[in-house]
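> what's the 3D shape of this:
(one chain, ligands or ions: 1)
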Amino acid sequence: MNVLQPFQLGDLTLSNRIVMAPLTRSRAGTKRIPNATMAEYDAQRSSAGLIVSEATTISEQANGWLESPGIYTDAMETGWRDVTAAVHARGGRIFLQLWHMCRASHSGFHGGRPPVAASPVKRNGESIPTPTGKQPSETPRALETQEIPGVVADYARATVRAKVAGFDGVEIHAATVLDRFGLAYLHS
Ligand SMILES: Cc1cc2nc3c(=O)[nH]c(=O)nc-3n(C[C@H](O)[C@H](O)[C@H](O)COP(=O)(O)O)c2cc1C
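Here you go, the predicted structure:
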């Protein structure tokens with residue numbers, strides 16, 4: 001096996017077996033809209049068989065990182081369309097990584113309301129860069145059971161937007177979400 005040989009990923013043919021890991025770049029500005037700099041960055045790396053985009057929030061509630069991009073407004077979807085077009089023009093393939101920051105977020109991103117997670121469990125000893133500077137981690141508000149389908153719907157909407165924006169697939173960022181929400185919900 002040669003890493004430079006094509007790879008069949010479902011119905012997608014990758015030109016080689018090299019996958020670029022998702023890398024948050026914090027270049028989307030305060031409105032979190034993908035832009036020409038981001039398109040150039042990904043296009044420059046499109047000789048990889050597959051690019052996994054930087055983590056991209058699925059809703060306002062999911063935010064928790066300064067100037068990371070989102071995929072929950074029309075302007076975001078349009079911005080991403082330019083990114084995927086730039087990658088495809090060079091023969092690359094790109095998946096969108098979907099992100100909900102859960103307890104790794106901070107009230108500074110949510111008008112003073114605590115971040116939400118499945119359990120009210122604070123992260124251990126980590127501080128978080130917020131719009132008002134570095135702040136200690138906070139105890140999140142536990143989502144009510146009846147709120148969880150709303151988060152699942154946000155993932156579904158983000159996935160539809162990703163498809164419209166020209167992505168070849170999506171990946172779910174699991175570091176801050178799956179251990180807490182439970183895979184069953186996301187696959188239902
Ligand atoms: C600057 C930077 C940004 C990253 N952003 C993301 C991200 O958005 N999503 C993600 O899942 N992992 C992210 N990671 C983790 C990397 O994708 C990768 O998994 C990690 O660096 C381990 O790979 P390595 O051992 O080759 O460095 C990031 C890592 C770095 C250094």
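
> for the nearest residue to residue 127 once chain neighbours are set aside, name its beta-bridge partners.
The shortest distance from residue 127 to any non-neighbouring residue, by C-beta to C-beta, 6 or more residues apart in numbering, is to residue 134 (4.9 Å). Any C-beta I mention is one placed from the backbone N, CA and C, and that applies to glycine too. Here residue 134 sits in beta bridges with residue 129, as judged by DSSP bridges.

> next, name the residue at the spatial heart of the chain.
residue 56 (2.4 Å; C-alpha atoms, centre = their mean).

> secondary structure class of that residue, three-state.
strand (DSSP: H, G, I helix; E, B strand; the rest coil).

> how near is the closest residue to residue 128 other than its chain neighbours to residue 66?
Leaving aside its sequence neighbours, residue 128 sits nearest to residue 106 (C-beta to C-beta, 6+ apart; 4.7 Å). Separation of residue 106 from residue 66 (C-beta to C-beta, to the nearest Å) stands at 10 Å.

> need the overlap of contacts for the two.
Shared contacts of residue 106 and residue 66, defined by C-beta atoms under 8 Å, 6 or more residues apart in numbering, comprise residue 130.

> immediately after the strand or helix carrying residue 149, which helix or strand?
Under the criterion of DSSP states H and E, residue 149 resides in helix 148-164. Using DSSP H and E, the helix or strand that follows helix 148-164 in sequence is strand 169-172.

> list the neighbouring strands of that next one plus their orientation.
Its sheet considered, strand 169-172 pairs with strand 94-99 (parallel) by DSSP bridges.

> quick one: distance of the strand it pairs with to the chain centre.
With C-alpha atoms, centre = their mean, to the nearest Å as the basis, strand 94-99 stands 5 Å off its chain's centre.

> contacts for that strand next, please.
Here strand 94-99 makes contact (C-beta under 8 Å, 6+ apart) with 22, 42, 46, 50-58, 62, 68, 71, 80, 83-84, 87-88, 155, 158-159, 162, 165, 167-173, 176-177.

> at 7 Å what do you get?
22, 42, 50-58, 62, 71, 84, 87, 155, 158, 162, 167-173 (C-beta atoms under 7 Å, 6 or more residues apart in numbering).

> give me the buried subset of these.
Among the contacts of strand 94-99, those buried by neighbour count (16 or more other C-beta atoms under 10 Å) are 22, 42, 50-58, 62, 71, 84, 87, 155, 158, 162, 167-173.
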